[in-house]
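Student: Could you work out the structure for the sequence below:
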Amino acid sequence: MEELLEVSESMIRSTELNFRRYLYAEIDWSEKLIGIKGARGTGKTTLLLQYLNELQVPYNQKAYFSLDEIYFLSHSILEVVKRFHQTGGKIVVLDEVHKYPNWSQEVKNIHDRFRDLQVIFTGSSIIDISKEEGDLSRRAVMYELHGLSYREYLSLRHGIHVPKFSLEELLDPEFSIRNHFPDDFLPLQHFQAYLRNGYFPFAGVNEVIYFKRLRQLVRTIVEFDMAEIKGFDIRNGKKLLQLLYLVAQQVPFKPNISTLAERTLIHRNSMVNYLIYLAEARLIDLQYPAGFSVVTLQKPEKIFMNNTNFLFALSEKKPESGTVRETFFNSLMKVTHTVQYSASVDFLVGGEFHFEVGGKNKGNKQIKEKLTWIVKDDLEFPAGKSLPLWAFGMLY
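Tutor: Numbering: from 1, shown residues only. Purely as a prediction, here's the structure:
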């Protein structure tokens, strides 16, 4: 126990505070039970260590415990937190809870027994708290951390600090986004680099190594994290990797279930579930038409990779520019709004806004309604009903 606390204090003290993810400001830190889920590598651990670092309380009152520590193979969370509380503990972070069996029941017990203790836990994006034992869904306030937006990337990698704005502001013809940026701001200067290697905070200067790490990350998610999905047989992990690899070569596309089943040797009746597993792991994204609430029972209309970095890391050849454009738009927009399939344009957002995404030669023939816009990837600032693609990376 003492060693765990020593490791905790060391990690808290050494955590830098110069850059914070968007979610930091959105969390209500006054809540007593907070859950944060998200894909591997998005920065959940760093975010919570920053929170502990900034708390103006003695170190014996705050602690960070990673549940993949070997210590928890023979000691329960409840036992450790009880001892921490008895010695004056006030705030505890439990990282990687999905690595610990029956975690939700123990977290519930901790929350119910120690009412003056703040408990914050993190877990894989695969976690569905409503399906966990212990009925945490009525007790915990849940958040999800996504990858870096273009705005965050500019801040983290290049020290360029620019504001975020809402979709409604971007669509408002009276709102000039140009006036909200420095005069020397070049919006497209780093955009292509972001599309290739800017989504995850751990990206370095060596793109080859970064792509290798991304592929390793994908294998770890499929071969280890997905064991937590109820109904998924981890022995089928290889088939799931084959399916993901196949999807990466074709996205965005309207899936043919029979063809996918034939090429991956996954039974046709199981294919939709396998696609949903990949979506829950935040490896791909499934797009459905408006009006459908129970998506688990139907085939998606369109499939995207979760983000453009996965697209570049997993594709056999350089992805087509149209594929990159649509993947970026879908990836960043879905963090703040619902994105659905539209038969008339590329995207239906929030149930009312229509967007057609293209290059510089994209015409306005798709604009048949008032709430329709053309999104172009070579545009620096809005021009009438044409909007710059990069600007959708400023929504969070």
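Student: count of residues packed around the spatially closest residue to K254 that is not a sequence neighbour?
Tutor: Nearest residue to K254 in three dimensions, chain neighbours excluded: K302, at 5.6 Å (CB to CB, 6 or more residues apart in numbering). In short, each C-beta sits where N, CA and C put it, glycine included. When neighbours are counted by other CB atoms under 10 Å, K302 registers 21.
Student: ok, now Q249?
Tutor: For Q249, the tally of surrounding residues (other CB under 10 Å) stands at 12.
Student: surely it meets P319?
Tutor: No: contact status for Q249 versus P319: not in contact, 9.4 Å apart, counting by CB atoms under 8 Å.
Student: ok, for the residue sitting nearest the centre point of the chain, nearest residue in space, not its chain neighbours?
Tutor: When CA atoms, centre = their mean is applied to the chain, the residue found nearest the centroid is H146 (2.5 Å). The spatial neighbour of H146 that comes closest, neighbours along the chain excluded (CB to CB, 6+ apart), is V335 at 4.9 Å.
Student: Also F312?
Tutor: Distance criterion CB to CB, 6+ apart; nearest residue to F312, sequence neighbours excluded, is R196 at 5.1 Å.
Student: Ok, E31 next?
Tutor: Per CB to CB, 6+ apart, closest to E31 is V141, 4.8 Å.
Student: who are the neighbours in contact with that neighbour?
Tutor: The neighbours of V141, taking CB atoms under 8 Å, 6 or more residues apart in numbering as the test, are D28, E31, L33, I34, G35.
Student: how far away is it from L4?
Tutor: 26 Å (CB to CB, to the nearest Å).
Student: Please apply the same query to I110.
Tutor: I110 is 16 Å from L4, where distance means CB to CB.
Student: same deal with W103?
Tutor: Using CB to CB, one gets 17 Å for the distance from W103 to L4.
Student: Pick out whichever of those two has more residues nearby.
Tutor: In this comparison of W103 against L4, neighbours counted by other CB under 10 Å, the higher total goes to W103 at 24 against 19.
Student: Skipping adjacent residues, who's closest to that one in space?
Tutor: Nearest one to W103, counting by CB to CB, 6+ apart, is V97 at 4.3 Å.
Student: For the one you found, grab phi and psi.
Tutor: Per-residue torsions, V97: phi -60, psi -30 (degrees, to the nearest 10).
Student: thinking again about what came up before, could you list which of the contacts of V141 belong to strands?
Tutor: L33, I34, G35 (DSSP state E).
Student: Point out where the protein drops to low pLDDT.
Tutor: Within the chain, the stretches falling below the threshold (pLDDT under 70) are 129-134, 228, 230-231, 292-297, 362-369.
Student: at 50 what do you get?
Tutor: Low-confidence segments of the chain, defined by pLDDT under 50: 295.
Student: how's it carved up into domains?
Tutor: According to automatic domain parsing, the chain is divided into the following domains: 2-145, 150-394.
Student: End to end on the last one, go ahead and measure it.
Tutor: In other words, domain 150-394. Distance across domain 150-394, first residue to last, is 6 Å (CA to CA, to the nearest Å).
Student: Repeat that for stretch 14-26.
Tutor: Distance between the boundary residues of stretch 14-26 (CA to CA) amounts to 24 Å.
Student: got the buried residues for that stretch?
Tutor: Under the neighbour-count criterion of 16 or more other CB atoms under 10 Å, stretch 14-26 has T15, F19, R20, R21, Y22, L23, Y24 buried.
Student: Now do the nearest residue to the fifth one once chain neighbours are set aside: how many residues are near it, please.
Tutor: With sequence-adjacent residues excluded and distances taken as CB to CB, 6+ apart, Y22 is closest to Y396, at 4.6 Å. One way to gauge burial is a neighbour count; for Y396, by other CB under 10 Å, it gives 18.
Student: Show the contacting residues for Y396.
Tutor: Taking CB under 8 Å, 6+ apart as the contact definition, Y396 lies against Y22, H146, S149, R151, E152, K164, L332, V335, T336.
Student: The residue nearest to K254 contacts P289, doesn't it?
Tutor: No: distance between K302 and P289: 9.4 Å, which falls outside the contact criterion (CB under 8 Å).
Student: Find residues that contact each of those two.
Tutor: Y341.
Student: about what we covered before: who does the residue nearest to E31 form a beta bridge with?
Tutor: For V141, the beta-bridge assignment (DSSP bridges) gives partners I34.
Student: State the distance from it to T122.
Tutor: For V141, the distance to T122 equals 13 Å [CB to CB].
Student: swap in M11?
Tutor: Summarising the geometry, the distance separating M11 from T122, computed by CB to CB, is 14 Å.
Student: and what of K62?
Tutor: 16 Å.
Student: Kindly report the same for Y210.
Tutor: Using CB to CB, Y210 is found at 23 Å from T122.
Student: out of the two, which sits in the more crowded spot?
Tutor: For Y210 against T122, the residue with the higher neighbour count under other CB under 10 Å is T122, and the figures read 24 against 20.
Student: for that one, what are its contacts?
Tutor: With contacts defined as CB under 8 Å, 6+ apart, T122 is in contact with G35, I36, K37, G38, K44, T45, L48, V93, L94, D95, E96, V97.
Student: Keep only those of the contacts of Y396 that are in helices.
Tutor: With helices defined by DSSP state H, the entries of these inside them are R151, E152, L332.
Student: can I get the CA coordinates of stretch 47-64 in CSV?
Tutor: Included here for stretch 47-64 are C-alpha records, laid out as CSV according to Å, rounded to 0.1, in the frame of the first residue of the first chain:
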residue,chain,number,x,y,z
LEU,A,47,-6.0,14.6,-17.5
LEU,A,48,-6.7,13.1,-14.1
LEU,A,49,-3.1,13.4,-12.9
GLN,A,50,-3.3,17.1,-13.8
TYR,A,51,-6.5,17.4,-11.7
LEU,A,52,-4.8,15.8,-8.7
ASN,A,53,-1.7,18.0,-9.2
GLU,A,54,-3.8,21.2,-9.2
LEU,A,55,-5.7,20.3,-6.1
GLN,A,56,-4.6,22.4,-3.2
VAL,A,57,-4.7,19.5,-0.7
PRO,A,58,-1.9,17.5,1.0
TYR,A,59,-0.6,14.5,-0.9
ASN,A,60,-1.9,12.1,1.8
GLN,A,61,-5.4,13.2,0.9
LYS,A,62,-5.3,12.4,-2.9
ALA,A,63,-4.2,9.3,-4.7
TYR,A,64,-3.9,7.8,-8.1
